[in-house]
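Undergrad: let me see the structure of the following:
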Amino acid sequence: MPVASMKDLKEREELKDRMTGQPGAGGSGDIPPEAMERPVDGERLPVMFHGIYHEKQIGALCAVHAMNNLVQARLFDEVTLADVARQLDRQEAALLGGEVGGVLAGELSGESANVRGDGFFSVQVIVTALQRAGLACSQLGGASARGPDERGFIFNRREHWFALRRVGRHWFDLNSTERAPTAMSQTHLDLFLTAHHEKGYSVFAVRGAYPDHALERDDAALERAVRACHDANGGVAGGGGGGAVHA
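TA: Below you'll find the predicted structure:
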């Protein structure tokens, strides 16, 4: 993946906004405004929902939440991702500037191209950390580009990340800004992917060796989890149906 600084990422998102007609988020930290309609407290709410692992938002750590929700376990944290970011900074600085007096050029400014002080991480950090866990990311050009046996996706727009994960035959929207997961069918998945592409989201299929999930060995418990998701979201599959778009 080409080297992209935080400035590059912001410029790309501003271009997407102009192309899709979506306004910038302005004072809300460039998180899509719909992501903040129902703020949640990730420090107080539980991470388990009827057997589905679902971290809720804490600060700007949505990338950490998205990755853990994707693998359905707490495998990643901000310290681990910060280490990855520093390693990438050094690699990129060596490529772009070499050493100045024994110090890599990119370290002279004290600024990272891959992590900010508030915990927001670049795409390269997420991709690299997932690769080290045995998972490969491939950016999709549209819903039709997905494979028939996908198990998970991560979405990014402006400064918000979230995950979609298949457990058994059901898909779950595990957005960290929501209080509960949203269950959806395979049919609704295509509508969901198309709607988010149209809104300017970058969508990555994540493929590889996912950890085993207990609900995939217990059909009855999985169906109870799906019903609980529907109840938590007003009794409607897909959080509103008809390809409803969440942040």
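
Undergrad: for the record, mean pLDDT for stretch 184-194?
TA: The predicted model assigns stretch 184-194 a mean pLDDT of 92.

Undergrad: residue boundaries of the strands in this structure?
TA: Assignment of strands within the chain using DSSP state E yields the ranges 48-49, 52-53, 99-100, 103-104, 135-139, 152-157, 160-167, 170-173, 182-184, 202-208.

Undergrad: indicate which one of these is closest to residue 84.
TA: Taking Cβ to Cβ, strand 135-139 is the member of the strands of the chain nearest to residue 84, at 13.7 Å. (Each C-beta comes from the backbone N, C-alpha and C, glycine too.)

Undergrad: could you pull out the helices for the chain?
TA: Assigned by DSSP state H, the helices in the chain fall at 6-20, 62-71, 78-96, 105-108, 123-132, 186-198, 219-232.

Undergrad: need those helices in JSON lines with distance to residue 158 and mean neighbour count, can you?
TA: Compiled in JSON lines, these are given as follows (distance: least, Cβ to Cβ, whole Å; neighbours: other Cβ atoms under 10 Å):
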{"stretch": "helix 6-20", "distance to residue 158": "5", "mean neighbour count": "14"}
{"stretch": "helix 62-71", "distance to residue 158": "11", "mean neighbour count": "26"}
{"stretch": "helix 78-96", "distance to residue 158": "19", "mean neighbour count": "16"}
{"stretch": "helix 105-108", "distance to residue 158": "25", "mean neighbour count": "16"}
{"stretch": "helix 123-132", "distance to residue 158": "13", "mean neighbour count": "20"}
{"stretch": "helix 186-198", "distance to residue 158": "13", "mean neighbour count": "18"}
{"stretch": "helix 219-232", "distance to residue 158": "26", "mean neighbour count": "16"}
